[in-house]
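*Asks:* What follows is a predicted structure for the sequence shown.
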Amino acid sequence: MGWGVPLTIPAVFDAYPIGTVLRIGTDSGWWHGPFGGIQDGVAIMTNAHFHNNTGAIVIGTALGLPGSIPVVRIPIRDITFVSL
């Protein structure tokens, strides 16, 4: 990880097994989908979709429906929250 990256965020992910459906927040909204791991300073999600700050899905489709984003890479420095 580089300078300015919160060191506590990767430790948060230790509690979640691969495949756990999470919400990962950023300044502009949140991604919702199965956790795929941490690699090279990014959190990976699979078959995810993005909600803007009003809650509307603006990228992808709801979980379980065709049209979700196959792989999402979220830089750890951009993460504002992680929740189930």
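*Replies:* Thanks, I have the structure now.
*Asks:* Do you know the pLDDT at the closest residue to residue 21 other than its chain neighbours?
*Replies:* For residue 21, ignoring the flanking residues on the chain, the nearest one in space by CB to CB, 6 or more residues apart in numbering is residue 34 at 5.5 Å. For the C-beta atoms, the positions are set from N, CA and C on the backbone; glycine is no exception. Predicted confidence (pLDDT) for residue 34: 95.
*Asks:* Kindly report the same for residue 54.
*Replies:* For residue 54, pLDDT reads 94.
*Asks:* which phi and psi does it have?
*Replies:* Dihedral pair for residue 54: phi -90, psi -10, per degrees, to the nearest 10.
*Asks:* Now residue 12: which helix or strand?
*Replies:* Assessed by DSSP states H and E, residue 12 sits inside helix 8-13.
*Asks:* The residue most central in space within the chain: what's it in contact with?
*Replies:* Nearest to the geometric centre of the chain sits residue 24, at 3.8 Å (CA atoms, centre = their mean). By CB atoms under 8 Å, 6 or more residues apart in numbering, residue 24 lies in contact with 30-31, 43, 45, 74, 79, 81-82.
*Asks:* what are the bridge partners for it, then?
*Replies:* Applying DSSP bridges to residue 24 gives these bridge partners: residue 31, residue 82.
*Asks:* Quick check: the gap between it and residue 31.
*Replies:* Distance of residue 24 to residue 31, computed by CB to CB, to the nearest Å: 5 Å.
*Asks:* Find the residues that touch each one of these two.
*Replies:* 45, 74.
*Asks:* per-residue confidence at the closest residue in space to residue 69 that isn't next to it in sequence?
*Replies:* Ranked by CB to CB, 6+ apart and with sequence neighbours excluded, the top spatial neighbour of residue 69 is residue 60, at 4.6 Å. Looking at residue 60, its pLDDT reads 92.
*Asks:* which of the contacts of residue 24 are buried?
*Replies:* 30-31, 43, 45, 74, 79, 82 (16 or more other CB atoms under 10 Å).
*Asks:* Tell me which stretches of the chain form strands.
*Replies:* With strands called from DSSP state E, the chain shows them at 21-26, 29-39, 42-52, 57-59, 69-75, 81-83.
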